[in-house]
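Undergrad: Pasting the sequence and the predicted coordinates here, then a few questions.
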Amino acid sequence: MLRRKVRGLDHRLPEGVTLGRFLEQQKLEPLREDPLFQEEMLTQAIQTLSFGDQEGRPSGKSLSLPLVGMHVNLEYQGKYLRLCITEGKEKTQCTQGSFICALSATWEDFCAQATDWVGREKGRILGTCEAFTRDLTEQITQGYGLSILAELRKTLGIDLFLLDKHFKVLSWEGGECLPVHPISFVTPKLSHFKSMDLTMETPLGIGKWNDSQYKDIPLSWYPLAGHQGVLGYIGLGIEHGELDPVGRLFLYKTAVLLYFELAKAQSVEDTERQHYRDFLFDLLYNNFDSLEVVQSRGKLWGMDLTKPHLVIVGEIPGYDPDSADQLAFQELLDAVSMVLRNQPRTIFLERNDQIVLLYPLEGMIPLSQWEATAKKLLSPLLILLEGLNEERSMMFGVGNLYPSTRFIHRSFQEAKSALELGQLFNLQERVILFQDLGVMRLLLKLEQQELEDFRNEVLGPLLKFDQENNLHLEETLLAYLASDGDLNQAGDRLFLHPNTLRYRLKKAAEVLDRDLSSLETRMNLFIALKIGRLKSLWQE
């Protein structure tokens, strides 16, 4: 029996109300020859007890206990009593079995005895639990807050720890199966939980440790969720099915109090985070009167804005916040956020399903080193993404590096453009630099009408031909020029035989009345074709 100290008194974790204890107290003996009787039923906890008649019809009398367990329906059958066992919620109950016991008392006396015993058991459990909860509440009002986890550990007799929603360890109560000090764990994923409701019925999630030397130590997760979403997790040093129903009741009561403590902390954090986000938005959109104001405000947040910053924007291609994969995308962003929090000098902001990263450098570096520097700074994220699904990958756009913080807004826009154009042209690189976009950088700065006019002048006849026929000459020409005139490479891109490709190129030259071997012609065509791809970025 587990023990704990509360206000100097010796308390026990109340014994649960199992079917075996109920039968013993009521002097009922299952008929062992009953083929429906299963010995393991006797160890199961009772959640509700209902009384029925000989036809199994409910009499309207039902007793409930504050435990997760089975629903037992008692059917009176003369000298016998049939017990029907079900589990689950009312609309989703499934039958686990039934068996018969010999009934020595009258039905009325039995019902009275059973009601009296269950009532006393309920009072015993609730009384101890309420005393426990009052003690925790008193500790919270005295300012001890999250330290109530230590009381839960004493009560349950198992090691515990508490995380916030960013997976930061807030309290660690080890010493038995867990080490005294925190060890590294695999962060819990929202998709691994069957339910995220903060209830006694919420099943524990299965966890594991990062270090192989602790692989034999069990780990389970209990999510702290409510109207503000998931605010944290309780880690338990047990297998997910080991916690008995009474232990789950005490865990639930403690979890509710911890949730409200985290909610208070979250409220303060949200206020600070909003001020932080407002400052970063002002920085990214150049909403400051002077460089001195930017630098002085940055000091308040621990930023040294006297140094040049490399600006990088990342996103998951094709991300749809309303898609069925929203949970998987959120888990990826959570993992990315956790990596970035281990880089305290990195300025990090989530905006419109993108992440914006500002990396401070000691000084300006040569243009030839920009790419290597960006990949080195991003290496923890790139390593994280290596083992992930390709469809849940992430791309990064890198803006030009400027000596003054005054130009961070320009670098931010360039990083976004690099990311957009990298996806638009299906570039295979995960890290795309604005400076590597070549002529596309210049096209972005021209008026749309000018670009449209140039495209129509160069490609007009071919565009009209493609509308009337089905040869896809525009696509063919772009693949050919993008492959530097290599027929085999272009054919592979389009899944075309070289002879088919030659025919299409010959047709394109006829339609345009141009010599495709001319360098000037190729240059004009390539720019006009790129403009066509840019159109998808323009607002209608």
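TA: That came through fine.

Undergrad: only C-alpha atoms for contact and neighbour calcs from this point on.
TA: Will do.

Undergrad: And Asp436, what's its pLDDT?
TA: Among the per-residue scores, Asp436 shows a pLDDT of 87.

Undergrad: Checking it next. Helix, strand or coil?
TA: Reducing the assignment to helix, strand or coil with DSSP: H, G, I helix; E, B strand; the rest coil, the entry for Asp436 is helix.

Undergrad: any idea how far it is from Glu371?
TA: In this view, Asp436 and Glu371 are 9 Å apart by CA to CA, to the nearest Å.

Undergrad: So for the two, which sits in the more crowded spot?
TA: Between Asp436 and Glu371, counted using other CA atoms under 10 Å, the more crowded position is Glu371 (15 against 12).

Undergrad: Surely the more buried one and Phe434 touch.
TA: No: here Glu371 lies out of contact with Phe434, judged by CA atoms under 8 Å, at a distance of 10.2 Å.

Undergrad: and Thr128, how many neighbours?
TA: By other CA under 10 Å, 16 other residues sit near Thr128.

Undergrad: Can you say which helix or strand has it in it?
TA: Thr128 is part of helix 107-141, with elements assigned from DSSP states H and E.

Undergrad: elements contacting that helix?
TA: Using 3 or more CA pairs under 8 Å, 6 or more residues apart in numbering; DSSP states H and E as the contact criterion, the neighbours of helix 107-141 among helices and strands are helix 148-156, helix 245-284.

Undergrad: in that helix, what's buried?
TA: When neighbours are counted by 16 or more other CA atoms under 10 Å, the buried residues of helix 107-141 are found to be 107, 111, 114-115, 118, 121-122, 125-126, 128-129, 132-133, 136-137, 139-140.

Undergrad: Number of residues surrounding Glu173?
TA: The tally of other residues near Glu173 (other CA under 10 Å) stands at 24.

Undergrad: Might you report the residue contacts of it?
TA: With contacts defined as CA atoms under 8 Å, 6 or more residues apart in numbering, Glu173 is in contact with 149-150, 153, 159-161, 180.

Undergrad: Kindly state the beta-bridge partners for it.
TA: In this structure, Glu173 has the following beta-bridge partners (DSSP bridges): Leu160.

Undergrad: Just give me the neighbour total for Leu446.
TA: Burial of Leu446 is recorded as 10 neighbouring residues (other CA under 10 Å).

Undergrad: which residues of the stretch 51-200 of the chain score low on pLDDT?
TA: 53-60, 89-93, 95, 192, 194-195 (pLDDT under 70).

Undergrad: Help me confirm that Cys129 comes into contact with Leu251.
TA: No: under the criterion of CA under 8 Å, Cys129 is not in contact with Leu251, lying 10.3 Å apart.

Undergrad: Figure out which of the helices and strands packed on helix 107-141 is closest to Met41.
TA: If you check each of the helices and strands packed on helix 107-141 against Met41 by CA to CA, helix 245-284 wins as the nearest, at 14.7 Å.

Undergrad: just how off-centre is that closest one within its chain?
TA: Relative to its parent chain, helix 245-284 has a centroid offset of 16 Å by CA atoms, centre = their mean, to the nearest Å.

Undergrad: Helix 107-141 and that helix, what's the angle between them?
TA: Direction vectors for helix 245-284 and helix 107-141, defined by axes from the mean of the first three to the mean of the last three CA atoms, to 10 degrees, enclose an angle of 40 degrees.

Undergrad: Return the set of buried residues in helix 245-284.
TA: By neighbour count with 16+ other CA under 10 Å, helix 245-284 contains the buried residues 245-259, 262-263, 266, 277, 279-280, 283-284.

Undergrad: elements contacting that helix?
TA: The helices and strands touching helix 245-284, judged by 3+ CA pairs under 8 Å, 6+ apart, are helix 107-141, helix 148-156, strand 220-226, strand 229-236, helix 408-424.

Undergrad: want to try CSV for those, with distance to Glu475 as columns?
TA: Below are the helices and strands packed on helix 245-284 laid out as CSV (distance: least, CA to CA, whole Å):
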stretch, distance to Glu475
helix 107-141, 68
helix 148-156, 64
strand 220-226, 51
strand 229-236, 47
helix 408-424, 14
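
Undergrad: Go through the ones you listed and name the closest to Glu29.
TA: Proximity to Glu29 (CA to CA) singles out helix 107-141 among the helices and strands packed on helix 245-284, at 13.8 Å.

Undergrad: Grab the CA positions of stretch 155-166 and hand them over as PDB.
TA: Extracted as PDB, the C-alpha positions of stretch 155-166 are listed here (Å, rounded to 0.1, in the frame of the first residue of the first chain):
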ATOM      1  CA  THR A 155       1.100   9.600  -3.300                       C
ATOM      2  CA  LEU A 156       1.400   7.400  -6.400                       C
ATOM      3  CA  GLY A 157       4.900   6.100  -5.500                       C
ATOM      4  CA  ILE A 158       6.200   6.600  -9.000                       C
ATOM      5  CA  ASP A 159       8.600   9.100 -10.500                       C
ATOM      6  CA  LEU A 160       7.200  12.100 -12.400                       C
ATOM      7  CA  PHE A 161       8.100  15.200 -14.300                       C
ATOM      8  CA  LEU A 162       6.300  18.200 -15.800                       C
ATOM      9  CA  LEU A 163       6.900  19.800 -19.200                       C
ATOM     10  CA  ASP A 164       5.400  23.000 -20.600                       C
ATOM     11  CA  LYS A 165       4.000  23.000 -24.200                       C
ATOM     12  CA  HIS A 166       7.500  23.800 -25.600                       C
END
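
Undergrad: just how off-centre is it within its chain?
TA: On CA atoms, centre = their mean, the centre of stretch 155-166 falls 20 Å from the chain's centre.

Undergrad: And for stretch 447-467?
TA: So, by CA atoms, centre = their mean, the centroid of stretch 447-467 is 46 Å from its chain's centroid.

Undergrad: Quick check: buried residues in that stretch?
TA: Within stretch 447-467, the residues that count as buried by 16+ other CA under 10 Å are 451, 454-455, 458-459, 462-463, 465.

Undergrad: about what we covered before: and the helices and strands packed on helix 107-141 as a markdown table, adding distance to Thr476?
TA: A markdown table is the format used below for the helices and strands packed on helix 107-141 (distance: least, CA to CA, whole Å):
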| stretch | distance to Thr476 |
| --- | --- |
| helix 148-156 | 66 |
| helix 245-284 | 40 |
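
Undergrad: So which of these is nearest Glu447?
TA: Closest approach to Glu447 among these is made by helix 245-284 (23.8 Å; CA to CA).

Undergrad: which residues sit against the next helix or strand after that closest one?
TA: Beyond helix 245-284 in the direction of the C-terminus, DSSP H and E gives the next helix or strand as helix 291-300. Helix 291-300 is contacted from outside by 279, 283, 288, 304-306, 405-406, using CA under 8 Å, 6+ apart.

Undergrad: Turn the buried ones among those residues into a named ChimeraX selection, would you?
TA: Entered in ChimeraX, the line below selects the buried ones among these, by 16+ other CA under 10 Å:
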select :279,283,304,305,306,405,406
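
Undergrad: Distance to Leu42 added to the contacts of helix 291-300, as a markdown table?
TA: Below are those laid out as a markdown table (distance: CA to CA, whole Å):
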| residue | distance to Leu42 |
| --- | --- |
| Phe279 | 62 |
| Leu283 | 66 |
| Phe288 | 72 |
| Asp304 | 67 |
| Leu305 | 68 |
| Thr306 | 72 |
| Thr405 | 71 |
| Arg406 | 73 |
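
Undergrad: closest to Gly174 among the contacts of helix 291-300?
TA: Nearest to Gly174 among the contacts of helix 291-300: Asp304, at 39.1 Å, using CA to CA.

Undergrad: tell me, how many neighbours does the residue nearest to that closest one when sequence neighbours are not counted end up with?
TA: The shortest distance from Asp304 to any residue that is not its chain neighbour, by CA to CA, 6 or more residues apart in numbering, is 6.6 Å, and that residue is Gly298. Summarising burial for Gly298: neighbours were counted as other CA under 10 Å, giving 18.
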